[in-house]
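Q: Here's my sequence, what's the structure:
(2 chains)
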2 protein chains.
Amino acid sequence: MIVLKLGGSAITDKDRPETLDGQSLAAATDAIASSFGADGDGAVDELVIVHGGGSFGHHNASEHGVTTTAGSRDPAAIHDIHGAMTTLNEFVLSRLLERDVPAVPVHPFSAAHRDADGELALPSGQVETLVGEGFVPVLHGDLVAHVGEGATVVSGDELVAELACSLDADRIGLCSTVPGVLDDADTVVPEIGSFDAVADVLGESESTDVTGGMAAKVQALLELDAEASIFGLEGIERFLAGENPGTTVQ
Amino acid sequence: MIVLKLGGSAITDKDRPETLDGQSLAAATDAIASSFGADGDGAVDELVIVHGGGSFGHHNASEHGVTTTAGSRDPAAIHDIHGAMTTLNEFVLSRLLERDVPAVPVHPFSAAHRDADGELALPSGQVETLVGEGFVPVLHGDLVAHVGEGATVVSGDELVAELACSLDADRIGLCSTVPGVLDDADTVVPEIGSFDAVADVLGESESTDVTGGMAAKVQALLELDAEASIFGLEGIERFLAGENPGTTVQ
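A: Numbers count the residues shown, from 1 in each chain, chains lettered A, B, ... in the order given. Now for the predicted structure:
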């Protein structure tokens, strides 16, 4: 079982609201299509995809002042933000379907919620069953109901960490805009075993936002049992073939 | 907590594929809007809506040979059927939002699944949290992942029964095309306490299809703890005001 995250910045044009990066999305979905269900040793049969919001969700969320902790009860705001994310999800699904990947949507807003402490509950029976039946569930950063807050943001990274645990994933891949975690000389750090070893390069994790920064990503991945890789678009195919492109976090 | 089902036939034109019954949907959503969040004794604060498929889901499902027990693994069929249902859901949501009902979508495909015995698992923490935060979740007949079958149909009636239990609903309302359960003289039977008492009128429950027939509806409602009413469009407002229009099943 592999959980693959397509970073929002990697598949959208972050500078223009609700604009796809069509070329990048095509490259990503080409790589997935050539790996999923392929014959041979490197074949991937069990795959869950999560994508971020990029220029879709983020603009709308910040316009309405909604974050992972500050929510909204305004139905118009909910539909605006959730609607932008489902629009991006439809783009991703259609590109995958065009390439014969049996992708189906799983909207976190329909499935998950947070308790009063902000703890995320994401039941995974539906995802597990879809994977078992040969589908590729595609989740996305979204809003979720939040006790005492209305609805708040759930990031793609948070979904990945949650799914990796509940699905007992073998491998996790984060496809980002950079080819991995970079050191001071902009060289990819091939392996990270502890946060201390890269703290200098990444900066304090406190200073990064939950839905984005690399330090937060690395720290979250270090807490998981599964092996995780961080790589760029060009790394997807190698990752799905069982190799370790970019940075491996263990 | 009230669970209100809007029958697919009641809000769509069953004879024409993917055609709304705009007038009926307007009447239904008017009645909901005038009851939900209203001041006074009859105010409804906690409401979950489930709608059927009517001319949206049913045509597509039968075209692809998909039922509650016979599934499909064809992504095109899944998107066709699920897509028709989410289209109807968007119509229902927009009519409710226009009338200031804080309606939000909960797609069963994203949340639920069936095990190998066809048993439905529908986690309800998201629905409960949305209701607690003042929203009106709107679910719909849909497809769900089904172990060994791909994806099969889940009917609105099945969702209502499931939610009534898991949410510990106080009252259940089924808005249908008829004003209640009718006897031989086409008069509404005001109260039903056991299936035997109405078996003559309803016919054998075995002969009715799971997603539709009145006999199956009555039998399912008799098994629930909550009081349930079956009524026509004109009964919605009275039902939400705490009265017992149509037939009460207890």
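
Q: looking at chain A, which helix or strand is least sure?
A: Ranked by mean pLDDT, DSSP states H and E, the weakest helix or strand in chain A is helix A:199-202, scoring a mean of 80.

Q: Would you list the phi and psi of A:Asp15?
A: phi -80, psi -20 (degrees, to the nearest 10).

Q: List the single closest residue to it in space, sequence neighbours excluded.
A: A:Ser55 (7.3 Å; Cβ to Cβ, 6 or more residues apart in numbering or on different chains). Every C-beta, even on glycine, is put in place using the N, C-alpha and C of the backbone.

Q: How far does stretch A:58-77 stretch from one end to the other?
A: End-to-end distance for stretch A:58-77: 13 Å, by Cα to Cα, to the nearest Å.

Q: Indicate whether that stretch makes contact with chain B.
A: Yes. Using Cβ under 8 Å from any Cβ of the partner chain, stretch A:58-77 reaches chain B at A:73, A:75-76.

Q: Please tabulate the residues you listed in JSON lines, including the columns pLDDT and neighbour count.
A: Output for the residues of stretch A:58-77 next to chain B, formatted as JSON lines (pLDDT from 0 to 100; neighbours: other Cβ atoms under 10 Å in any protein chain shown):
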{"residue": "A:Arg73", "pLDDT": "97", "neighbour count": "13"}
{"residue": "A:Pro75", "pLDDT": "97", "neighbour count": "21"}
{"residue": "A:Ala76", "pLDDT": "96", "neighbour count": "11"}
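
Q: ok and the top helix by length along chain A relative to helix B:75-98, angle-wise?
A: Selection of the longest helix in chain A by residue count, based on DSSP state H, yields helix A:75-98. When axes from the mean of the first three to the mean of the last three Cα atoms, to 10 degrees is applied, the directions of helix A:75-98 and helix B:75-98 differ by 170 degrees.

Q: List the buried residues in helix A:75-98.
A: Going by neighbour count (16 or more other Cβ atoms under 10 Å in any protein chain shown), the buried part of helix A:75-98 is A:75, A:77-82, A:84-86, A:88-89, A:91-93, A:95-97.

Q: List the residues that contact A:Ile49.
A: Residues near A:Ile49 by Cβ atoms under 8 Å, 6 or more residues apart in numbering or on different chains: A:3-6, A:32, A:92, A:96, A:103, A:136-139.

Q: redo that, cut-off 10 Å
A: By Cβ atoms under 10 Å, 6 or more residues apart in numbering or on different chains, the contact set of A:Ile49 is A:2-6, A:28-29, A:32, A:36, A:92-93, A:96, A:101, A:103, A:106, A:136-140, A:156, A:160, A:173, A:175.

Q: Could you give the average pLDDT over stretch A:85-96?
A: Per-region confidence: stretch A:85-96 scores 98 on mean pLDDT.

Q: gap between that stretch and the chain center?
A: 14 Å (Cα atoms, centre = their mean, to the nearest Å).

Q: ok, it near chain B or not?
A: Yes. Stretch A:85-96 is in contact with chain B by Cβ under 10 Å from any Cβ of the partner chain, via A:86, A:90, A:93-94, A:96.

Q: got the phi/psi numbers for A:Val249?
A: Main-chain dihedrals, A:Val249, degrees, to the nearest 10: phi -110, psi 130.

Q: and it, how many neighbours does it have?
A: 28 (other Cβ atoms under 10 Å in any protein chain shown).

Q: Please apply the same query to A:Asp183.
A: A:Asp183, neighbours per other Cβ under 10 Å, totals 13.

Q: Distance check, it against A:Pro190.
A: Distance of A:Asp183 to A:Pro190, computed by Cβ to Cβ, to the nearest Å: 10 Å.

Q: Kindly report the same for A:Glu46.
A: In terms of Cβ to Cβ, A:Glu46 sits 26 Å off from A:Pro190.

Q: Could you do A:Gln126 as well?
A: From A:Gln126 to A:Pro190 the distance is 36 Å (Cβ to Cβ).

Q: higher neighbour count, these two?
A: A direct count of neighbours by other Cβ under 10 Å for A:Gln126 and A:Pro190 places A:Gln126 higher, at 25 against 12.

Q: helix/strand/coil for the more buried one?
A: helix (DSSP: H, G, I helix; E, B strand; the rest coil).

Q: Thought B:Phe109 was touching it, still the case?
A: Yes. Look at A:Gln126 against B:Phe109 with Cβ atoms under 10 Å: they come within range, at 7.7 Å.

Q: overlap in contacts of these two?
A: A:104, A:106, A:110-111, A:137, B:144-145.

Q: can you pull out the helices in chain A?
A: With DSSP H as the criterion, chain A has helices spanning A:8-11, A:22-35, A:57-63, A:75-98, A:108-111, A:125-132, A:156-166, A:199-202, A:214-222, A:236-240.

Q: what's the last one packed up against?
A: It stands for helix A:236-240. Counting contacts by 3 or more Cβ pairs under 10 Å, 6 or more residues apart in numbering or on different chains; DSSP states H and E, helix A:236-240 is packed against strand A:2-6, helix A:22-35, strand A:171-175, strand A:227-231.

Q: among these, which is nearest chain B?
A: Closest approach to chain B among these is made by helix A:22-35 (12.7 Å; Cβ to the nearest Cβ).
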